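**Student:** Sequence below, structure please.
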Amino acid sequence: MDSSKHLLRLRDWDAERILNVMEMAIRLKTEVKNGTYSSQLKGKTIGMFFEKPSLRTITTFQVGMYQLGGMPVMLAPENIGLDKRESLKDVARCLSRWVDGLVVRCFKQSLVEQLAEHGSVPVVNALTDDYHPCQALALGQTCYEHFNKNLKGKTVAFIGDGNNVSNSIMALCAKLGMNFTLACPKGFEQKSEEVNSLLPEFEKHNAKYRVFNNPKEAVKDADILYGDVWVSMGQEKQKDSKKNHFLPFQINDDLLALAPSHCKVTHCLPANRGEEITDSVMDNLQVNLCYDEAENRLHVQKAVLLELL
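**Tutor:** The predicted structure is shown next:
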């Protein structure tokens with residue numbers, strides 16, 4: 001399988017491709033604000049297969065495809081019955097005869113990889129338990145705009161679990177020469193194989209990867225504080241136990257005060273206000289960039305579709 005045909009995980013893409021997509025996203029954003037829309041994907045379709053709930057991802061891919069002149073087709077998991085009603089191989093091969101690409105949000109990373117392997121059209125990972133590359137690209141675009149394209153040496157401090165979002169943001173930082181800091185309780189770090197796969201990229205750019213079990217230490221040199229839910233979709237049974245571990249890692253006014261004065265905050269959303277982030281930080285729109293990042297999901301995903309389709 002040629003991973004360059006797909007967006008399965010961000011570490012498969014090089015810095016040039018990531019930057020090209022971000023530049024394209026900014027141009028597309030300008031077009032929308034000017035009331036003009038490209039028709040570059042006229043006549044093309046994407047199949048959208050979502051096993052997990054979604055607001056931002058499902059809306060922005062559908063709206064984005066319409067704005068590019070194409071059409072999204074929703075594929076309900078209960079109708080398809082992967083490997084129950086029909087084998088995954090057969091589904092991938094049939095869909096490849098009808099649609100020009102697949103956008104997939106599911107639990108297992110192996111599912112998006114198998115769809116890419118057995119089908120012949122590009123597959124976009126719209127979130128799995130291991131990665132969320134579209135979210136990382138939206139953060140990249142947001143930082144690119146906020147820091148006037150000057151990303152090298154900037155520091156993103158991810159305050160929370162070593163999860164799918166943190167894995168993809170770590171990859172973004174490694175590729176673009178940004179420092180990445182993870183602040184989490186002991187035992188909730190990223191898998192060593194994920195970190196080790198990207199350490200050469202950090203070293204190449206003279207950037208740093210760090211882990212702190214004390215959030216106060218992690219924010220001291222941060223340009224961006226990044227928040228995420230403590231319990232990912234499908235892990236709801238762990239909520240009470242994880243909450244006890246993560247309460248000291250809440251992004252609040254006291255923690256933000258320990259960061260440099262220029263530091264901004266963002267969150268991949270949805271946010272559990274009062275848990276991983278407080279109302280006072282969420283509603284401080286001088287500091288919080290999460291709504292800009294959510295807006296940029298539309299534009300950067302349109303750029304991904306143009307890049308792959």
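
**Student:** Would you agree residue 126 is in contact with residue 104?
**Tutor:** Yes - with contact defined as C-beta atoms under 8 Å, residue 126 reaches residue 104; the gap is 5.9 Å. The way it works is simple: take the backbone N, C-alpha and C, and place the C-beta from them, glycine included.

**Student:** what's the overlap in contacts for those two?
**Tutor:** Contact with both residue 126 and residue 104 is made by residues 48, 50, according to C-beta atoms under 8 Å, 6 or more residues apart in numbering.

**Student:** Of those two, give the one with the bigger neighbour count.
**Tutor:** Neighbour tally, residue 126 and residue 104, criterion other C-beta atoms under 10 Å: the higher count belongs to residue 126, 26 against 21.

**Student:** Find me the pLDDT at residue 237, would you?
**Tutor:** In this model, residue 237 is scored at 65, pLDDT.

**Student:** Check the one 3 residues further on too.
**Tutor:** Per-residue confidence at residue 240 stands at 71 (pLDDT).

**Student:** how many neighbours does it have?
**Tutor:** 9.

**Student:** in the strand or helix carrying it, what's buried?
**Tutor:** For residue 240, the host element (DSSP states H and E) is helix 239-246. Neighbour-count burial for helix 239-246, with 16 or more other C-beta atoms under 10 Å as criterion, is recorded at 242, 245, 246.

**Student:** which other helices and strands contact the helix or strand where residue 303 lies?
**Tutor:** According to DSSP H and E, residue 303 maps onto helix 290-308. For helix 290-308, the packing partners by 3 or more C-beta pairs under 8 Å, 6 or more residues apart in numbering; DSSP states H and E come out as helix 15-33, helix 56-67, strand 123-125, helix 133-146, strand 264-267.

**Student:** again, 6 Å this time
**Tutor:** For helix 290-308, the packing partners by 3 or more C-beta pairs under 6 Å, 6 or more residues apart in numbering; DSSP states H and E come out as helix 15-33, helix 56-67, helix 133-146, strand 264-267.

**Student:** out of the ones you listed, which comes closest to residue 109?
**Tutor:** Checking the helices and strands packed on helix 290-308 against residue 109 by C-beta to C-beta gives helix 133-146 as the closest, at 11.1 Å.

**Student:** next structured bit after that closest one?
**Tutor:** Next in line after helix 133-146, if elements are assigned by DSSP H and E, sits strand 155-159.

**Student:** Looking at that next one now, give me its mean pLDDT.
**Tutor:** In this model, strand 155-159 has an average pLDDT of 98.

**Student:** Neighbouring strands - and their directions - for that strand?
**Tutor:** Taking DSSP bridges as the criterion, strand 155-159 forms sheet pairs with strand 179-183 (parallel), strand 224-227 (parallel).
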